[in-house]
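Trainee: Fold the following for me, if possible:
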Amino acid sequence: MAHFAEIDSNNKVLRVVVACNQDIANNGGELSEQAAKHFETVVPLSNLGIKWVQTSYNNNFRNIYAGVGFTYFASADVFISPQPYPSWSLDQNNKWQAPKPMPEPTYTSSGKPHTYFWNENLLNWVISPN
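Mentor: Residues are numbered from 1 along each chain as shown. Down below sits the predicted model:
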């Protein structure tokens, strides 16, 4: 199944819907503007939508599978997830990275791995209390 993300004037994803693969193949093929325009006749844009952009459920193209609130960067032809924390930045692969890499795994006395989470106030990874 093909998937399309509805994009608004700020390049934000409003919704993602499923399309018929055969319908896409018959109307320009995967990743084509023709297929995206045809899809608009199948599923009309909402009041805020300006176009449909195909997204990959398996992350095979356009970086990641689009979700509501994600951004489409037309210049790079990729979808970007919302920034998880103000201190994080995009790397050369359009993935969000913390200012510090996650520590190597450490283990509890019973051998279970600790779970780390990002603490924006400390700008560091901390071990989850659970």
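Trainee: Please pull out the lowest mean pLDDT helix or strand from the chain.
Mentor: Least confident helix or strand of the chain, by mean pLDDT, DSSP states H and E, is helix 21-25 with a mean of 89.
Trainee: buried residues in that one?
Mentor: Applying a neighbour-count criterion of 16 or more other Cβ atoms under 10 Å, the buried positions in helix 21-25 are residue 24. Every residue, glycine included, has its C-beta placed from N, CA and C.
Trainee: I'd like the next helix or strand past that helix.
Mentor: The first helix or strand that comes after helix 21-25 along the chain, using DSSP states H and E, is helix 33-42.
Trainee: mean confidence score for that following helix?
Mentor: Across helix 33-42, the average pLDDT comes to 91.
Trainee: what helices or strands is it leaning on?
Mentor: Counting contacts by 3 or more Cβ pairs under 8 Å, 6 or more residues apart in numbering; DSSP states H and E, the secondary-structure elements packed against helix 33-42 are strand 2-8, helix 21-25, strand 49-55.
Trainee: For the ones you listed, give me JSON lines that also has distance to residue 76.
Mentor: Conversion of the helices and strands packed on helix 33-42 to JSON lines gives the following (distance: least, Cβ to Cβ, whole Å):
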{"stretch": "strand 2-8", "distance to residue 76": "14"}
{"stretch": "helix 21-25", "distance to residue 76": "23"}
{"stretch": "strand 49-55", "distance to residue 76": "13"}
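Trainee: about what we covered before: the least confident helix or strand of the chain - contacts with which helices or strands?
Mentor: For helix 21-25, the helices and strands in contact under the criterion 3+ Cβ pairs under 8 Å, 6+ apart are helix 33-42.
Trainee: How is the protein divided into domains?
Mentor: By the assignment in automatic domain parsing, the chain contains the domains 2-82, 83-130.
Trainee: how distant is the last one from the center of its chain?
Mentor: The offset between the C-alpha centroid of domain 83-130 and the centroid of the whole chain comes to 20 Å, using Cα atoms, centre = their mean, to the nearest Å.
Trainee: least reliable of the helices and strands packed on helix 33-42 going by mean pLDDT?
Mentor: In terms of mean pLDDT, the lowest-scoring of those is helix 21-25 (a mean of 89).
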